[in-house]
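# 3D, please:
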Amino acid sequence: MSSHAPSSSSSLVAQPKNKSTRLAIGLKTVSGRLRRHTQNNAIELSLEHHYTNKVYSPGSAVSGELHINPKHDLHFDDVRITLLGCCQVRQEDFNNTSLARHTFLAVDMPISPSNYPSTRVFAAGVSHTIPFHFVIPNSLLPTACSHIIDHESARAHHTSLPSSMGDWEKDDMTTDLTQVKYEVVAQILQNTPTEQGSTAGAKKKAVEVRKRVKVLSSSLEAVSLNGDDDTAKQSRTFRKTKAIQKSPFSKPLGHVTLRASQATTICLSSDGREATPSLATVDIEFETMDRGISPPKIDKVAAKLHAHTWYSATPMSDFPDQHAISKHYSTSMSLGVECTDDSAWLPSRSEFPEVHLPESNRQSATYTRTFQLVLTPPTRTKTLLPNFHSCLISRTYKMAISFRLHHDTVTLDIPVTIQAEAGDYLQKEVQLPSFEEALHIIA
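Below you'll find the model as predicted:
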């Protein structure tokens, strides 16, 4: 088992100007690819009960076999099978591309020497099979986040398992500049000779094969952008006030204020294919400047879910909105809306101290109305990922709820959390393994 700190690398590739030089390099590249393809055909990874769109959760077993059947004798010094988890951020700036990678999960499968020939040669035409078994952990080792950080609450999130990103059959609402991937990697290694002729140097890869798996994190810890816990989030109130007019050039009829607390959590099934709706209560207040003006008719209620992907080429020392160098990608989708309300505006005293009308106006009146909204995400067309914060990448959400009144639209933004329910393994009330426990399980 090993853990790697975030690292960043950049490269600028210069194209050779000479045609013959470019041709020679091209032929060499093709030859190398053909040779590697032939070698890679010598080994194959097969996963038990696996299919292309299968989704794994923390506590899920990733088991299978490594099949080795070389066409020519294959000398080796070691065989390594590893479960890897990696974040990647790509940044492009004119003629320069920088790539930051963070390997947050690296678990090596202990392999008994009895599983391969004592001669350290896989003979041509002879099949060998090496079984392996991993368990996806619920949390990471502290060394997965070893950089300087401002708050320990942020580090706690950085050592939680993120979901796969950029690897789903449906749009997961992310940019192609970010990726979170999990894969089983099998390598046949050979010692590199030293200058004195010894073979005790570093190992090089003779053959390598990879198998990608999709992971949907089922952490039930509520995550907000600024790290608030459940109690703090529920006590927060969000407001939006806007002047309402009959026409673009007329005087305002009054002010409409929307108020709501954070919406309820959207809970995904363990495979992410189903989602519970989010419930939101929105209080609307209309304050007029003339008692003769009736409250406006609400023509339409609509809602969108905005997915925010935050990313940085260097490790984030805080939550992304507090990290100056993090970048932000946002996209949205429409939500299904079902609403019930009290059906009528009711006269009321103002509960919104931030709305101030002129003191000279003694004819003002205030009306209120409450809407109960059921907001449903369309999982048939999108893949929703649970909220997470990692060293390089974060995912958060907000809902934009809009009310159409006369010629105006008032929109209120409310943060919302998305979580995934526990898989079958967790539903049996079995304690999730730590890294150390996972090693004992697969030993």
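
# contacting residues for the spatially closest residue to Pro142 that is not a sequence neighbour?
Leaving aside its sequence neighbours, Pro142 sits nearest to Thr159 (CB to CB, 6 or more residues apart in numbering; 6.2 Å). For every residue, glycine as well, the C-beta is placed using N, CA and C. For Thr159, the contact set (CB atoms under 8 Å, 6 or more residues apart in numbering) comprises 139-142, 144-145.

# what's the spacing between Thr159 and Leu105?
For Thr159, the distance to Leu105 equals 11 Å [CB to CB, to the nearest Å].

# Now the common contact residues for the two.
Counting by CB under 8 Å, 6+ apart, the contacts common to Thr159 and Leu105 are 140, 144.

# so where is this protein shaky, pLDDT-wise?
Judged by pLDDT under 70, the chain has its weakly predicted residues at 1-41, 194-201, 219-235, 323-325, 342, 349-363, 423-443.

# for it, which strand is longest?
strand 78-93 (DSSP state E).

# Give me the helices and strands touching that one, please.
strand 61-68, strand 96-108, strand 128-135, strand 178-191 (3 or more CB pairs under 8 Å, 6 or more residues apart in numbering; DSSP states H and E).

# Can you tell me the strand partners of that strand and which way each runs?
strand 96-108 (antiparallel), strand 178-191 (antiparallel) (DSSP bridges).

# Looking at the ones you listed, which is nearest to Arg80?
Within the strands paired with strand 78-93, the stretch nearest Arg80 is strand 178-191; the backing value is 4.7 Å (CB to CB).

# any idea which of the strands paired with strand 78-93 is most buried?
Among these, the stretch with the highest mean neighbour count (mean count of other CB atoms under 10 Å) is strand 178-191, at a mean of 20.

# Now find how far off-centre the helix or strand following that strand is within its chain.
The element immediately downstream of strand 178-191 (helix or strand, assigned by DSSP states H and E) is strand 203-215. Taking CA atoms, centre = their mean, to the nearest Å, one finds the center of strand 203-215 at 22 Å from the center of the full chain.

# relative to strand 78-93, how tilted is the helix or strand Met399 falls within?
Using DSSP H and E, Met399 sits within strand 393-405. With axes from the mean of the first three to the mean of the last three CA atoms, to 10 degrees applied, the angle from strand 393-405 to strand 78-93 works out at 50 degrees.

# how many other residues sit next to Gly292?
Using other CB atoms under 10 Å, Gly292 is surrounded by 8 other residues.

# Could I get the phi/psi values of it?
Main-chain dihedrals, Gly292, degrees, to the nearest 10: phi -80, psi -10.

# And for Asp271?
Per degrees, to the nearest 10, the backbone of Asp271 is at phi -100, psi 0.

# Quick check: closest non-adjacent residue to it.
Nearest one to Asp271, counting by CB to CB, 6+ apart, is Val55 at 4.3 Å.

# returning to what we had before: buried stuff in the longest strand of the chain?
By neighbour count with 16 or more other CB atoms under 10 Å, strand 78-93 contains the buried residues 79, 81-91.

# ok, so what distance separates the residue nearest to Pro142 from Ala313?
Thr159 is 20 Å from Ala313, by CB to CB.

# Can you show me the helices along this protein?
19-40, 152-158, 230-235, 424-427, 435-442 (DSSP state H).

# partners of the closest residue in space to Thr175 that isn't next to it in sequence in the sheet?
Of all residues not flanking Thr175 in the chain, Tyr329 sits nearest, at 4.2 Å (CB to CB, 6+ apart). Beta bridges link Tyr329 to Thr309, judged by DSSP bridges.

# again with Val185
Thr82, Arg210.

# Would you mind measuring from it to Arg90?
21 Å.

# now Ile414
To Arg90, Ile414 is 32 Å away according to CB to CB.

# what's the answer for Trp310, then?
Relative to Arg90, and taking CB to CB, Trp310 is found at 15 Å.

# again, but for Lys297
Applying CB to CB to Lys297 and Arg90 gives a distance of 49 Å.

# Could you do Ile43 as well?
29 Å.

# Please apply the same query to Thr241.
41 Å.

# Using CSV, write out every CA atom in stretch 130-146.
Presented in CSV, the C-alpha positions along stretch 130-146 are these (Å, rounded to 0.1, in the frame of the first residue of the first chain):
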residue,chain,number,x,y,z
ILE,A,130,-3.1,-14.9,-10.5
PRO,A,131,-6.2,-14.1,-8.4
PHE,A,132,-6.7,-10.7,-6.7
HIS,A,133,-9.2,-9.2,-4.4
PHE,A,134,-9.6,-5.6,-3.3
VAL,A,135,-12.1,-3.8,-1.1
ILE,A,136,-12.9,-0.2,-1.9
PRO,A,137,-12.4,1.8,1.4
ASN,A,138,-14.7,4.4,2.8
SER,A,139,-11.9,6.9,3.6
LEU,A,140,-8.3,7.5,2.7
LEU,A,141,-5.1,7.5,4.7
PRO,A,142,-4.1,10.9,6.2
THR,A,143,-1.1,10.8,3.9
ALA,A,144,-3.4,11.2,0.9
CYS,A,145,-3.7,14.8,1.9
SER,A,146,-0.2,15.8,3.1
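
# and that stretch, how far from the chain's centre?
With CA atoms, centre = their mean, you get 18 Å for stretch 130-146.

# cool, stretch 376-392 as well?
That offset, for stretch 376-392, works out to 7 Å (CA atoms, centre = their mean).

# what does stretch 124-139 give?
27 Å.

# in the stretch 301-443 of the chain, which spans are strands?
Per DSSP state E, counting those that start in this stretch, the stretch 301-443 of the chain carries strands over the ranges 327-334, 336-341, 346-347, 365-376, 388-389, 393-405, 408-416, 418-420.

# Include distance to Gln179 and mean neighbour count when you put the ones you listed into JSON lines, please.
What follows is the strands of the stretch 301-443 of the chain, written out as JSON lines (distance: least, CB to CB, whole Å; neighbours: other CB atoms under 10 Å):
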{"stretch": "strand 327-334", "distance to Gln179": "13", "mean neighbour count": "14"}
{"stretch": "strand 336-341", "distance to Gln179": "30", "mean neighbour count": "14"}
{"stretch": "strand 346-347", "distance to Gln179": "52", "mean neighbour count": "10"}
{"stretch": "strand 365-376", "distance to Gln179": "29", "mean neighbour count": "18"}
{"stretch": "strand 388-389", "distance to Gln179": "14", "mean neighbour count": "24"}
{"stretch": "strand 393-405", "distance to Gln179": "8", "mean neighbour count": "22"}
{"stretch": "strand 408-416", "distance to Gln179": "24", "mean neighbour count": "18"}
{"stretch": "strand 418-420", "distance to Gln179": "19", "mean neighbour count": "22"}
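
# could you dump those to JSON lines with distance to Arg259?
Listed next are the strands of the stretch 301-443 of the chain as JSON lines, based on distance: least, CB to CB, whole Å:
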{"stretch": "strand 327-334", "distance to Arg259": "22"}
{"stretch": "strand 336-341", "distance to Arg259": "14"}
{"stretch": "strand 346-347", "distance to Arg259": "15"}
{"stretch": "strand 365-376", "distance to Arg259": "10"}
{"stretch": "strand 388-389", "distance to Arg259": "28"}
{"stretch": "strand 393-405", "distance to Arg259": "11"}
{"stretch": "strand 408-416", "distance to Arg259": "8"}
{"stretch": "strand 418-420", "distance to Arg259": "23"}
